[in-house]
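K.L.:
heads up, no residue letters with this:
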């Protein structure tokens, strides 16, 4: 059994690598072939600044890693070479290497997304189970359901904007700008940690509220099906108490089928940081992307994109592998 | 072997799903130490009756307030199971006094926990915390059902065959030493050889642990092997009840006769299988009078108009049929 | 489809849709928006007057002038807010609808062909679908829109295409899964025995079976497109225009001082409500379509749950 699971993990890693390679490549090719080819755009803006042609071409090469004069496949190869060796070019606005700039942003986004994801999962599961298990209390369940439906219709960036304007700026209920209080030193002290958590309250609230309905409804739907299963009735016949039935029977059997959704939610939250980090002035991949987009800092833009895709592929891989470890049904043949 | 003491007395049991009546006020008694079989087509209400005893009917079901199910726990205690408080019932009756062996081919085991956990959680729900005792008992029972305990306890349901699951469910049903075990289709969907083994096993266990069985099945051939008394159900009513010899050698109700004729007998060569003509009844639109009359070869005028009452003939034999009433 | 089955399907559909107040409400909302879009396209709605900068003109309070266009006051260009919002409906719906059509067409085609033909075609298409699933639509869309030259940024077709660039992936996966299971069903064997060609089976039989699911996916795709169109505008990636709701919200916060005064409050909330109503209506209609698609849900819908 040990040998076969290693084989199966290796297979999954292989597929993930292929997917990653194709995803990055196709994206780069699409970007380079589009009318908005960054190399061309950069060249044009350098020329507009009055730079001589030859120098402009060299500058573009220095920043992006490929030259505007190369054919598309060469640009792709050259960039990919850089990706594999860890060289994503140089930032135009920050003058540091793109890798350096991104490396500073990743920890913040990692914290933000994991924090939000955990709360979303816990709350979503609880709400979903409640809506199903207490479905006799029709009014109660229906009001939760209505609130969640309305919440589902509000795009996360609108939620962020509204929370920013009202809960933050106007009513001063929570801090609304920056990752921590400006008069605290960024060192590993309790004060610092508390300040960070305080400053992230509003952003995390937005993230959670935006992704909560999806999870609550998905879980509720699964749980409604599970609750009618024979093994739940059999459990009741054996005298098991509600607590045990809700956790080991209903919850466990409802969460496992939608376990893969965790990876999806993770990717969704990561993309959501673009709006939410920007809105609340937080450092991270999302705000980096939106800021450098405005500043036309193409190397960083593309670099962040590549990193986000990489993180998503890793997230999917992790979810895939761990699923096989926790659901006994997955191990008996690939369904 | 048979004592005349009743163990379970079901009186006036009526069950409705929403507003459709699926069991129409039936009575029956299960005596201590016997194997009582409830036989009928799918949907006739036999499983519902069993579920009513253990109070595991689905939400949409409602039991008539005049129904009484009496459990004679011992010489001094008789309890109305339907009137008991849910918590008390769950703690004292479920699995301790009365348990159920479900159909193994169905999803009766939690797919995401091990067999061992099924045993421990059941014991813990009844206040037994001694893990060692629980596992020892589980081992003892798994061996009694001819399974290898060390292997089976660590398995997940998906890793087991239908026969293994059925035996496990039997072992699980006996965990807390119940007196009364309901067997709901214990051999359906198993192959014939395994069926024989399971029946043989059930007989052994009954003797070994002094059990009383109520067997629910549509397979009348199965019943011949193990039952002492049989009640035939049709459309939520009991149409005939007698001991096993009378049912097989002197069936009185046309439905019973039809059921027996449709089973080919070993050694007999039949050109065609005789089946009961017509379709199973639609509970939203039951026929008038006797519910079986559209399919009955002996239907008379009165059968179309009035429903026959169930009457007692001789020797614990009951029947609901106008032919046998004067 | 014969006339009687069409009629009974329509009867079922209308029964489900008129059952609850929320679906009736959603239908009304969609109708209103469609009417607004058509009115704009047909020229029944006046064009926006020229922009007037300056603090005396922007974010003016509501007035009865030129009824009804000034009842929400003016926006960040001094133009009537209600008019700007109404005029924005047609572009938004056009982009949304086009994007949804592209998404659903590609998704269904790939999923259907991949699932039905199997073999090497399925292997190749599955890899493509998996790769597309990894790329978040809005991420790539963001980069493409950001790098787009100005003249293409207002092109509806281009925007629709960008917003659907990998949006078809999850639909393709779902359609493939359904096709795989349908392929084994008896009615396909019957069709094959009757000599129907593979294409006919795919597009007639299987597609017809999945029609409600496709309708639902179309609606949800429109929802996503509206999110992307307004959301990317909110980031400042689209040229400034009064007609884009995302831009209106952005401007209300940045330029309108919504942060400090109530002056731009209408300009903040009107586009928000416009977007949220549209999303709510679309999601609701999609969920109701699911009831048609899944008969088990149909029962509870009719029972009034």
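P.N.:
Alright, I've got the coordinates. All figures in this text were calculated on a predicted structure; none of them were measured in a lab. Numbering: from 1, shown residues only, chains lettered A, B, ... in the order given.
K.L.:
mean confidence score for stretch A:218-229?
P.N.:
Mean pLDDT, stretch A:218-229: 90.
K.L.:
now find how far off-centre it is within its chain.
P.N.:
Its chain's C-alpha centre lies 27 Å from the corresponding centre of stretch A:218-229 when counted by C-alpha atoms, centre = their mean, to the nearest Å.
K.L.:
and it, which residues are buried?
P.N.:
A:218-224, A:226-227, A:229 (16 or more other C-beta atoms under 10 Å in any protein chain shown). Any C-beta I mention is one placed from the backbone N, CA and C, and that applies to glycine too.
K.L.:
cool, and stretch B:298-314?
P.N.:
The neighbour-count check on stretch B:298-314 (16+ other C-beta under 10 Å) flags B:299, B:303, B:307-308, B:310 as buried.
K.L.:
report how many residues lie close to residue 100.
P.N.:
Went with chain A since none was named. Per other C-beta atoms under 10 Å in any protein chain shown, the neighbour tally for residue A:100 reads 13.
K.L.:
hm, I was asking about chain C
P.N.:
25.
K.L.:
can you give me the pLDDT of the residue of the stretch 1-150 of chain B found nearest chain C?
P.N.:
Closest to chain C within the stretch 1-150 of chain B is residue B:18: 10.1 Å, counting by C-beta to the nearest C-beta. Turning to residue B:18, the model gives it a pLDDT of 86.
K.L.:
ok, it - contacts?
P.N.:
residue B:60 (C-beta atoms under 8 Å, 6 or more residues apart in numbering or on different chains).
K.L.:
10 Å instead?
P.N.:
B:60-62 (C-beta atoms under 10 Å, 6 or more residues apart in numbering or on different chains).
K.L.:
against chain A, how distant is it?
P.N.:
Plainly put, residue B:18 is 15 Å away from chain A if you go by C-beta to the nearest C-beta, to the nearest Å.
K.L.:
state the phi and psi torsions of that residue.
P.N.:
Residue B:18 adopts backbone torsions of phi 50, psi -120, taken as degrees, to the nearest 10.
K.L.:
and for the one 10 residues further on?
P.N.:
Note on residue B:28: its backbone torsions stand at phi -160, psi 160 [degrees, to the nearest 10].
K.L.:
for residue B:20, see how far away it is.
P.N.:
According to C-beta to C-beta, to the nearest Å, residue B:28 and residue B:20 sit 22 Å apart.
K.L.:
same question for residue B:243.
P.N.:
33 Å.
K.L.:
confidence-wise, which helix or strand of the chain is lowest on average?
P.N.:
In the absence of a named chain, this looks at chain A. Sorting the helices and strands of chain A by mean pLDDT, DSSP states H and E puts helix A:328-331 at the bottom, at a mean of 74.
K.L.:
that one and chain C in contact?
P.N.:
No: judged by C-beta under 10 Å from any C-beta of the partner chain, helix A:328-331 stays clear of chain C, getting no closer than 16.6 Å.
K.L.:
and that helix, how far from the chain's centre?
P.N.:
Centroid separation between helix A:328-331 and its chain, computed with C-alpha atoms, centre = their mean, is 27 Å.
K.L.:
could you do stretch C:120-139 as well?
P.N.:
Mean-position distance between stretch C:120-139 and its chain equals 22 Å (C-alpha atoms, centre = their mean).
K.L.:
same check on stretch A:170-189?
P.N.:
Centroid separation between stretch A:170-189 and its chain, computed with C-alpha atoms, centre = their mean, is 23 Å.
K.L.:
first-to-last residue distance for it?
P.N.:
Start-to-end span of stretch A:170-189 (C-alpha to C-alpha, to the nearest Å) is 30 Å.
K.L.:
please list which of the buried residues of stretch B:298-314 are also close to chain C.
P.N.:
Applying C-beta under 10 Å from any C-beta to the buried residues of stretch B:298-314, none is adjacent to chain C.
K.L.:
quick check: phi and psi at the spatially closest residue to residue C:107 that is not a sequence neighbour.
P.N.:
Spatial nearest neighbour of residue C:107, chain neighbours left out: residue C:171 (3.2 Å); criterion: C-beta to C-beta, 6 or more residues apart in numbering or on different chains. Backbone torsions for residue C:171, taken as degrees, to the nearest 10, come to phi -60, psi -40.
K.L.:
and the gap between residue C:171 and residue A:258?
P.N.:
For residue C:171, the distance to residue A:258 (C-beta to C-beta) stands at 18 Å.
K.L.:
same question for residue A:81.
P.N.:
Relative to residue A:258, residue A:81 is positioned 39 Å away (C-beta to C-beta).
K.L.:
between these two, who's got more neighbours?
P.N.:
Neighbour tally, residue A:81 and residue A:258, criterion other C-beta under 10 Å: the higher count belongs to residue A:258, 19 against 12.
K.L.:
pull the longest helix from chain C.
P.N.:
helix C:81-117 (DSSP state H).
K.L.:
and if you look at chain A?
P.N.:
From DSSP H, the single longest helix across chain A is helix A:98-133.
K.L.:
so stretch A:282-302, near chain C or not?
P.N.:
Yes: for stretch A:282-302, a contact with chain C is found by C-beta under 10 Å from any C-beta, at A:289-290, A:292-294, A:296, A:298, A:301-302.
K.L.:
which residues touch whichever residue of chain C sits closest to chain A?
P.N.:
Closest approach of chain C to chain A (C-beta to the nearest C-beta) occurs at residue C:147, with a separation of 2.9 Å. Taking C-beta under 10 Å, 6+ apart, we find residue C:147 in contact with A:31, A:34-38, A:40-42, A:293, A:296, A:298, A:301-302, C:237.
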